[in-house]
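In: model the following, please.
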Amino acid sequence: MKLLMHTCCAPCSVYCIDSLRKEGIEPTIYWFNPNIHPYTEYKARKNCLKEYTKAIGIEAIFEENYGLDEFCKNVVNDLKNRCTTYCYKVRMEQTVKYAKEHGYDSFTTTLLVSPYQQHEALKELCEKLAKKYEIEFVYRDFRIGFREGQAKARELGLYMQKYCGCIFSEESRYNCHNSAKPELPAGYEHPSRTNIQVKRIENKDDYIDLLLEADPSKEMISKYLNDSDVYGLKVDEEIVSLAVILPISRNTLELKNLVTKEEHRNKGYSKKLLKSLCGNYKQKYSKMIVGTTENNIPFYVKQGFDQYEKTIKNFFIDNYEEEIWDGDLHCTDLIYYLKDLKKK
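Out: From the prediction side, this is the model:
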């Protein structure tokens, strides 16, 4: 299958690309979004998508068309229905035309991932265009992965836009109390506001099982747990993430353990917890170090641990009875990175 996927932005593409690749489908990304305004927003989304597609090694095509004038001319007399009468139509038809003219046998769009879009109207339009141009429309209700994709996008540090795209959607977000709730498929829960707080954990031993998911040795955990501060990220009524912080000098801390329950991973909770703790500890301490495996270095660097400190060779061989694996990585060395807590 040679699939062209119209793409509105990098964050919305994350789940769509991941799920299609799991099916064995490698889409080609197609950027054509003359409805995104102002130009600074248009450029920010386009550039972010360029960087993301390069990072994940996927082919991408960018049609440059900042169409503010045409957009305004076509929607000014029917602003309420602008999405269905212009925004969807102009983007989808251009996508289908390009696909047909360049040898693609199918098309789809990342707009299908957002619960804020008029999903059924978009689906109906794509089906009509598929018949008109005699090309397959690959329909997927990507909305089921909306939260997962957004969480991963935040973890990756992608630019997260605050509104749909056009200047009128930018305006409407300031009047959201008058907006209708988005239509959702059966069984889909719209992301709701949750009560998130950081809590100091006193009953440390009650959380050994969770800590073992990040450090699989009770003996190693016992060496640092009693002298450490333990904090949990509480979402509603549940502790979902833990961080163990050990003071090692008057101005330096060590992050000994950071773990999130398996069912809550890829939602940005570890990042939230760590960010909160760094903000609090910087009142008294100036540095925080973390010892980690090679696989986790990118995560910590993104959280500000951007100064290499040292490597302890064969740490996991010398201190653990069993071999330690992190995915496909056989862990041998412990690599330390430092975060300057005072750095803005």
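
In: could you list the domains of the chain?
Out: Recorded structural domains for the chain (assignment: automatic domain parsing) are 3-178, 196-340.

In: would you turn these into CSV with mean pLDDT?
Out: Formatted as CSV, those follow (pLDDT from 0 to 100):
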stretch, mean pLDDT
domain 3-178, 88
domain 196-340, 92
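
In: and among those, the most buried is which?
Out: Burial of the domains of the chain is given as mean neighbour count (mean count of other CB atoms under 10 Å); domain 3-178 ranks first at a mean of 18. C-beta coordinates here come from the backbone N, C-alpha and C atoms, glycine included.

In: so where do the helices sit in the chain?
Out: 10-22, 39-56, 68-75, 82, 88-101, 119-133, 146-156, 167-172, 208-211, 218-225, 269-281, 297-302, 315-319 (DSSP state H).

In: of those helices, which is nearest residue 340?
Out: Among the helices of the chain, the nearest to residue 340 by CB to CB is helix 269-281 (10.0 Å).

In: which elements pack onto that closest one?
Out: Packing contacts for helix 269-281, counted by 3 or more CB pairs under 8 Å, 6 or more residues apart in numbering; DSSP states H and E, involve strand 196-200, strand 229-235, strand 238-247, strand 252-260.

In: now tabulate those strands in TSV and tack on distance to residue 207.
Out: Output for the helices and strands packed on helix 269-281, formatted as TSV (distance: least, CB to CB, whole Å):
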stretch	distance to residue 207
strand 196-200	12
strand 229-235	7
strand 238-247	6
strand 252-260	9
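
In: which ones are touching residue 276?
Out: When contacts are counted by CB atoms under 8 Å, 6 or more residues apart in numbering, residue 276 touches 198, 233.

In: run the last query once more with 7 Å
Out: Contact analysis of residue 276 by CB atoms under 7 Å, 6 or more residues apart in numbering lists residue 198.

In: do the same with residue 5
Out: Applying CB under 7 Å, 6+ apart, the residues contacting residue 5 are 16, 27, 28, 29, 30, 108, 109, 110.

In: out of the residues you listed, which sit inside strands?
Out: Those of these mapping onto strands are 28, 29, 30, 108, 109, per DSSP state E.

In: so which of these comes closest to residue 309?
Out: residue 29 (38.4 Å).

In: how about the closest one, nearest residue that isn't a chain neighbour?
Out: The spatially closest residue to residue 29, leaving aside those adjacent along the chain, is residue 60, at 3.9 Å (CB to CB, 6 or more residues apart in numbering).

In: equivalent analysis for residue 253, please.
Out: residue 288 (4.6 Å).

In: sorry, back to before: what residues are up against the residue nearest to residue 29?
Out: 29, 31, 49, 50, 53.

In: quick check: end-to-end length of stretch 326-338?
Out: End-to-end distance of stretch 326-338 (CA to CA, to the nearest Å): 21 Å.

In: gap between it and the chain center?
Out: 24 Å (CA atoms, centre = their mean, to the nearest Å).

In: also stretch 337-344?
Out: Using CA atoms, centre = their mean, the offset of stretch 337-344 from its chain centre is 24 Å.
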